[in-house]
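Student: Have a look; sequence and predicted model below, questions after that.
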Amino acid sequence: MLSITKFSAVNSTTRFAVSQRTSQACSGVVPSNPLPQFAVPSTVCSKDSRLLRSLPKRYQSRNLTAARVIQQERSVESEICSPSRISAISLSDNGFNVEIHFEDGTRYIFHSLWLRDACRDERFLKSAAGERILALTPLVEGCDVSNFRAERAETVDGGDKALLAWNDGHSGALDASFLKAYAPQVAETIETSCESSTGLDVSWLEPYMSGTCPAPTEEQLSIWAGPDGEDFLVMPYEKAITPEGNLELIQRILRHGAVKVTGAPDPGEERLRSFVYDCFGGLQKDPSRAEANWKIVRKEGAASVSYNPTVRLNNHTDQSLPNHGIPALLLAMHYAEGWGANTFVDGFAVAKALKERNPRGFELLTKYGNNQERDLLASRQDASQNHTDSMYLTSVAPIIQLDDAGEVKRIQYNEVFRTPATVPYSLFTEWYEAYLQFGTMLHSPEFEREMPMSEGDFFIMNNWRVLHGRAGSHDGSGRGRQSPNRVLVGGTVTRESVFSKARALLLQLSPVPLHGPTLLS
Ligand SMILES: [Fe+2]
């Protein structure tokens with residue numbers, strides 16, 4: 001079974017402290033005297049050993065004992081400098097700019113007007129409403145940009161804040177960590193440090209910070225193929241609902257595409273809704289029914305393949321709502337009763353292979369193919385739930401969707417809802433061959449995996465990447481892949497919910513403040 005890389009509050013704190021010390025050494029704030037040589041004892045405890053391994057290589061190379069490292073860390077803790085604390089602040093350019101020096105040696109020049117416009121202390125912001133006080137904005141008050149200056153700048157709270165007074169008669173305070181986080185984007189850099197980062201890595205969330213972010217890089221993904229690849233992570237439910245387990249759960253889903261969670265107590269719709277709400281921010285609401293989740297219960301003579309578990313269901317991504325826009329990022333399925341076998345395939349792995357084997361076919365699938373329609377009322381006659389209102393949703397989009405740089409960002413495909421293609425006459429047969437090749441690869445032993453599922457299990461996947469289906473045969477022969485009492489419930493989670501939950505967990509588990517929509521730190 002795949003081992004779990006721990007990401008706990010303790011580890012986060014440790015990384016932060018180490019990063020701080022590295023910054024100090026780089027900038028010369030803390031004397032970097034030659035460290036004595038020590039032999040590493042053979043009986044270093046596991047916690048100390050982890051700390052030793054987490055240190056910068058130059059410390060490790062000096063063979064410090066873990067005990068010595070911890071002792072040194074504690075001895076400097078009280079006098080440690082913060083890389084985002086302000087060491088000096090002054091007006092420049094006759095007050096049009098403000099120069100700010102941070103304790104890690106970095107120095108920046110900010111526009112005085114940017115500081116006024118960005119200032120979010122209680123003088124300018126109703127925090128309970130999250131709103132600017134309109135009457136006090138430069139826009140409403142009036143602002144002479146060519147003559148806007150700061151008249152005074154000083155540090156307060158020991159350098160944790162900058163207090164400024166401007167020539168419009170206002171004054172305000174800005175957090176040092178806020179200024180340090182934004183500085184590389186908005187200020188002129190005078191001096192950088194060899195390591196001015198606080199050490200909190202949020203790069204794994206960057207592809208999901210908005211609906212138009214670039215696709216994840218190869219380094220951010222662990223692509224898998226059929227049964228021979230890396231196993232899915234299996235996480236016990238009780239771990240998944242802890243903050244540390246929850247954050248790891250999200251990270252692993254975004255990196256590997258899917259995680260199985262086992263052993264949920266009291267399986268059922270309520271468990272699905274509470275688990276998804278607690279761990280991912282909640283299910284996406286379907287406007288046609290009261291419940292946010294779907295529920296698949298076997299129905300004799302069902303018209304829809306979804307409600308007839310004796311036959312195979314092709315691998316697909318859920319289109320969610322609105323399927324004419326950006327589908328939901330995650331799909332959670334949960335076995336409320338019974339057992340069964342589901343199939344999964346890494347759509348990115350298939351797309352990558354198709355590009356290598358048939359570049360022209362890959363190109364055509366990045367332009368055409370996901371024409372779909374769904375009448376939310378008429379198409380759900382087999383559902384055990386009540387559906388009240390309808391929406392008629394259509395989509396015309398490529399099956400393989402790319403970002404602006406041409407990298408694969410999303411697979412959007414479901415054969416059962418596919419409607420007549422609108423590929424131009426001159427390209428249709430060529431496109432159709434590529435579509436058949438792609439669909440065959442999606443269901444080939446080379447790429448498809450089968451996962452046994454039973455009551456209490458969850459399977460959570462990246463719906464932009466991993467396609468899911470139901471094992472079995474298309475003619476219903478070879479029954480016995482699903483138990484007769486199988487009840488499967490599930491639903492989708494929007495990108496916005498996933499990002500919000502991940503951000504909240506990072507804030508909860510890390511001492512590093514995060515700022516702005518891209519989690520600057
Ligand atoms: Fe589905």
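Tutor: Good, I have the coordinates.

Student: Contacts only, for the nearest residue to Gly439 once chain neighbours are set aside.
Tutor: Using C-beta to C-beta, 6 or more residues apart in numbering and skipping the chain neighbours, the partner closest in space to Gly439 is Glu415 (6.9 Å). Yep, even glycine has a C-beta here, placed from its N, CA and C like the rest. Shown in contact with Glu415 (C-beta atoms under 8 Å, 6 or more residues apart in numbering): 314, 316, 439.

Student: I'd guess the last one is in a helix, am I close?
Tutor: Yes. Secondary structure assignment (DSSP: H, G, I helix; E, B strand; the rest coil) places Gly439 inside a helix.

Student: re earlier: phi, psi of the residue nearest to Gly439?
Tutor: phi -60, psi -40 (degrees, to the nearest 10).

Student: quick one: pLDDT of it?
Tutor: Per-residue pLDDT puts Glu415 at 93.

Student: thinking again about what came up before, pipe the contacts of Glu415 into TSV and attach pLDDT per row.
Tutor: TSV is the format used below for those (pLDDT from 0 to 100):
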residue	pLDDT
Asn314	94
His316	96
Gly439	97
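
Student: quick one: the helices in the protein?
Tutor: Here the chain has its helices, by DSSP state H, at 9-27, 46-54, 57-60, 66-77, 112-118, 138-141, 176-186, 237-240, 243-256, 269-280, 347-357, 359-365, 428-442, 495-509.

Student: Where among these is average confidence lowest?
Tutor: helix 9-27 (a mean of 30).

Student: where's the nearest residue to Ile241 once chain neighbours are set aside relative to Ala405, distance?
Tutor: Using C-beta to C-beta, 6+ apart and skipping the chain neighbours, the partner closest in space to Ile241 is Asp278 (6.1 Å). According to C-beta to C-beta, to the nearest Å, Asp278 stands 36 Å off from Ala405.

Student: neighbour-wise, which of those two wins?
Tutor: Between Asp278 and Ala405, Asp278 has the larger neighbour count (other C-beta atoms under 10 Å), namely 13 against 8.

Student: Quick one: end-to-end length of stretch 434-448, please.
Tutor: End-to-end distance of stretch 434-448 (C-alpha to C-alpha, to the nearest Å): 18 Å.

Student: Then stretch 474-491?
Tutor: This stretch, stretch 474-491, spans 25 Å end to end (C-alpha to C-alpha).

Student: who touches Leu164 in this structure?
Tutor: 98, 112, 115-116, 119, 150, 152-153, 171-174.

Student: what do you get if the cut-off is 7 Å, keeping everything else the same?
Tutor: 98, 115, 150, 152-153, 171-172 (C-beta atoms under 7 Å, 6 or more residues apart in numbering).

Student: which ones among those are found in strands?
Tutor: Of the contacts of Leu164, the ones assigned to strands by DSSP state E are 98, 150, 152-153, 171-172.

Student: Drop anything exposed from the contacts of Leu164.
Tutor: 98, 115, 150, 153, 171-172 (16 or more other C-beta atoms under 10 Å).

Student: Which one of these is nearest to Val305?
Tutor: Nearest to Val305, judged by C-beta to C-beta, of the buried ones among the contacts of Leu164 is Leu115 at 60.0 Å.

Student: Surely that closest one and Gly172 touch.
Tutor: No. Contact between Leu115 and Gly172 fails when scored by C-beta atoms under 7 Å: they sit 8.1 Å apart.

Student: and Ser510, what pLDDT?
Tutor: Taking Ser510 on its own, its pLDDT is 87.

Student: That one: neighbouring residues, count only.
Tutor: Per other C-beta under 10 Å, the neighbour tally for Ser510 reads 21.

Student: Next, work out how far apart it and Glu219 are.
Tutor: For Ser510 relative to Glu219 (C-beta to C-beta), the value is 22 Å.

Student: can you check Gly480 too?
Tutor: Taking C-beta to C-beta, one finds Gly480 at 42 Å from Glu219.

Student: Could you give the separation of stretch 137-154 from the chain centroid?
Tutor: 38 Å (C-alpha atoms, centre = their mean, to the nearest Å).

Student: Name the residues that touch that stretch?
Tutor: So stretch 137-154 is in contact with 89-91, 94-96, 98, 112-113, 115-117, 134, 162-168, going by C-beta under 7 Å, 6+ apart.

Student: Perfect, I'm done here.
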